[in-house]
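**Q** I need the structure of the sequence given here:
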Amino acid sequence: MSRVGSSPVSVPESVTISIAGQLITAKGKLGQLSIDVVEDVEIVQEESLIRLRPRNNSTHARAMWGTTRSLLQNIVRGVDEGFSVNLEIVGVGYRAAVEGKILALQLGFSHEIRYEIPEGITIKCERPTIITISGTDRQLVGQVAANIRKFRKPEPYKGKGVRYENEFILRKEGKKK
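**A** Residues are numbered from 1 along each chain as shown. So this is what the prediction gives:
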């Protein structure tokens, strides 16, 4: 069984934490995020550390103990450093461009795909084939990256499509004559 919840969450000096009942709010240089902790988890704040403990020994309390610790670590890191995901576009004529709050993708379809960038997410296209998605909320950054990748998943024969930066695509051999 994992003991993720037993390690404390260290809070950097640039982040301020406020605890109001079961609501934890983190403020940092990149913004503010909050998490509503379930009743089965107890919160204890010591100077620059936050410790979490299950209130009882039930299965649900122990499961939420580790989950809550991970979510708390993510909001602390998000408001301090932020999260980013890089996507690569592979294919002849495939490209992306940011036009205001819209990401325009040309992925080999007869039409251009226009993806509206959600609030709290920043998308940059340094080159037409590299997309950098960044933001403070780890879950939202990952979900936006997954949604963009879903438009044209990498295919195994030529490797064309949208892939994560370090993703390995198992290539298949084509038909033989």
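**Q** please make it C-alpha for all contacts and neighbour counts, starting now.
**A** OK.
**Q** so how far is residue 74 from the closest residue to residue 49 other than its chain neighbours?
**A** Distances taken as Cα to Cα, 6 or more residues apart in numbering place residue 10 nearest to residue 49, at 4.6 Å, with adjacent residues excluded. Residue 10 sits 11 Å away from residue 74, going by Cα to Cα, to the nearest Å.
**Q** likewise for residue 105?
**A** Counting by Cα to Cα - residue 105 and residue 74 are separated by 30 Å.
**Q** burial measure for the closest residue to residue 31 other than its chain neighbours, as a count.
**A** Take residue 31 and drop its neighbours on the chain: the residue closest to it by Cα to Cα, 6+ apart is residue 79, 5.5 Å away. Residues lying near residue 79 (other Cα atoms under 10 Å) number 23.
**Q** ok, the one 5 residues further on next?
**A** Counted with other Cα under 10 Å, residues neighbouring residue 84 total 19.
**Q** picking up where we left off before, who's more crowded, residue 10 and residue 74?
**A** When residue 10 and residue 74 are compared for neighbours, residue 74 comes out ahead with 20 against 15, by other Cα under 10 Å.
**Q** torsion angles phi and psi at that one?
**A** phi -70, psi -40 (degrees, to the nearest 10).
**Q** okay, the closest residue to it other than its chain neighbours and residue 167: tell me how far apart.
**A** Sequence neighbours aside, residue 138 is the residue nearest to residue 74 in space, at 6.7 Å (criterion: Cα to Cα, 6+ apart). Distance of residue 138 to residue 167, computed by Cα to Cα: 19 Å.
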